[in-house]
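Asks: quick one: sequence plus predicted model below, questions after.
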2 protein chains.
Amino acid sequence: MTEVPQLPPSLLGITAFLLAKVGLAGRRRMGERLRGHGIGLWDLAVLAALADFGPASQRELGERLGIDQSDLVAVMDVLVPLELVERTRDAADRRRYRVAVTPAGRATLAAATTEATGVRDEVLSALDEQERALLHALVRKAYAGLDPRAREG
Amino acid sequence: MTEVPQLPPSLLGITAFLLAKVGLAGRRRMGERLRGHGIGLWDLAVLAALADFGPASQRELGERLGIDQSDLVAVMDVLVPLELVERTRDAADRRRYRVAVTPAGRATLAAATTEATGVRDEVLSALDEQERALLHALVRKAYAGLDPRAREG
DNA sequence: CCCAATCATTGGTACTCACCAAGGAATGTG
DNA sequence: CACATTCCTTGGTGAGTACCAATGATTGGG
């Protein structure tokens, strides 16, 4: 789908439909902007996790973010060469890595956060500041309550 | 991604991230439920368009819903055998079809709308009635303002 | 009547998301 | 020490989304 003209009112009454549309638009735009920084959406999530919670092994990252181990490898293949994270073998247990965000990684995270603001303003251009804040709060609350054990994002 | 535990606060501050997550969850669940009716998300959109706006050619449907012609063929391959739509050659112009929703199609649309309510209540379980209505209104407004000519849903 | 345009169909590409199985390296436990 | 387990990697699957090009049938304009 790639919306354009007048949609059927029947669809516009479906909250899930609207959320999917707006969510998709946000994800697309965010992805485009991040591409300018050489990273993808997952990479951003990993940077955020490392910045917020400190160094971790890949397994820990995967668990925390709900990313499959194998998919995490691809993330590392992006972040390591860009030197946004530093990956060293854990001295105590040389099976595992110790992944840590670098200053460059923090800078990229900050830049991405700024981009996110731009995306928000773009996607929610029809809403005023107050409405945007309200929407954010509502979606955050809804997300927090989203059955964590169910296996859909 | 298949969220679970505590996400980085950095991510939770990003509206686009939250919208994408919640939107994805809604889309998934909606897809699952529709599968029980033998149809997919696109099929529902087509049924809604036909019910709301009356019979149309496939080209008209594609334009209205932003679906590629070729993808619309797949939709018809679902809806026609299920007799949810009736497809007859246009007498005046036998190149085009005249696609119309059948009574069975309307019934399925009604059922799907009910399912949508269930999905909404599921995804927004953390919100009370008032908050759900507010969220719906905000998202609808945002969607309506979403640059219609930009080509991302 | 011939040509260009339109409508539908077929078949193919590319990208994302989520997942799974197999295997190598390193670990610790009995 | 031998064995089961853990961590990471490789390689592959399948569903969903969004495209594009080529073709056949039919049409209307010149």
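Replies: Sure thing, it's come through.
Asks: so where do the helices sit in chain A?
Replies: For chain A, the helices defined by DSSP state H cover A:9-12, A:15-35, A:41-53, A:58-65, A:69-79, A:103-123, A:129-144.
Asks: show me which residues of the shortest one are buried.
Replies: Read it as helix A:9-12. Buried residues in helix A:9-12, counting neighbours by 16 or more other Cβ atoms under 10 Å in any protein chain shown, are found at A:10-12. Placement of C-beta: from N, CA and C, glycine included.
Asks: report whether it contacts DNA strand D.
Replies: No - figure legend: helix A:9-12 not in contact with DNA strand D (Cβ under 7 Å from any atom of the strand); closest approach 13.3 Å.
Asks: so which elements touch that helix?
Replies: Using 3 or more Cβ pairs under 8 Å, 6 or more residues apart in numbering or on different chains; DSSP states H and E, the elements in contact with helix A:9-12 are helix B:41-53.
Asks: for the helix it packs on, packing partners?
Replies: Secondary-structure packing of helix B:41-53 (3+ Cβ pairs under 8 Å, 6+ apart): helix A:9-12, helix B:15-35, helix B:58-65, helix B:69-79, strand B:85-89, strand B:97-101, helix B:103-123.
Asks: and the angle from it to helix B:103-123?
Replies: Inter-element angle recorded for helix B:41-53 and helix B:103-123: 120 degrees (by axes from the mean of the first three to the mean of the last three Cα atoms, to 10 degrees).
Asks: ok, helix B:41-53 near DNA strand C or not?
Replies: No - on the criterion Cβ under 7 Å from any atom of the strand, helix B:41-53 is out of touch with DNA strand C, staying 11.8 Å away.
Asks: quick one: distance of that helix to the chain centre.
Replies: The chain centre lies 8 Å from the centre of helix B:41-53; the measure is Cα atoms, centre = their mean, to the nearest Å.
Asks: before we move on, the earlier item: same list (the helices of chain A) but as JSON lines, adding mean pLDDT.
Replies: JSON lines is the format used below for the helices of chain A (pLDDT from 0 to 100):
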{"stretch": "helix A:9-12", "mean pLDDT": "95"}
{"stretch": "helix A:15-35", "mean pLDDT": "94"}
{"stretch": "helix A:41-53", "mean pLDDT": "97"}
{"stretch": "helix A:58-65", "mean pLDDT": "95"}
{"stretch": "helix A:69-79", "mean pLDDT": "96"}
{"stretch": "helix A:103-123", "mean pLDDT": "96"}
{"stretch": "helix A:129-144", "mean pLDDT": "96"}
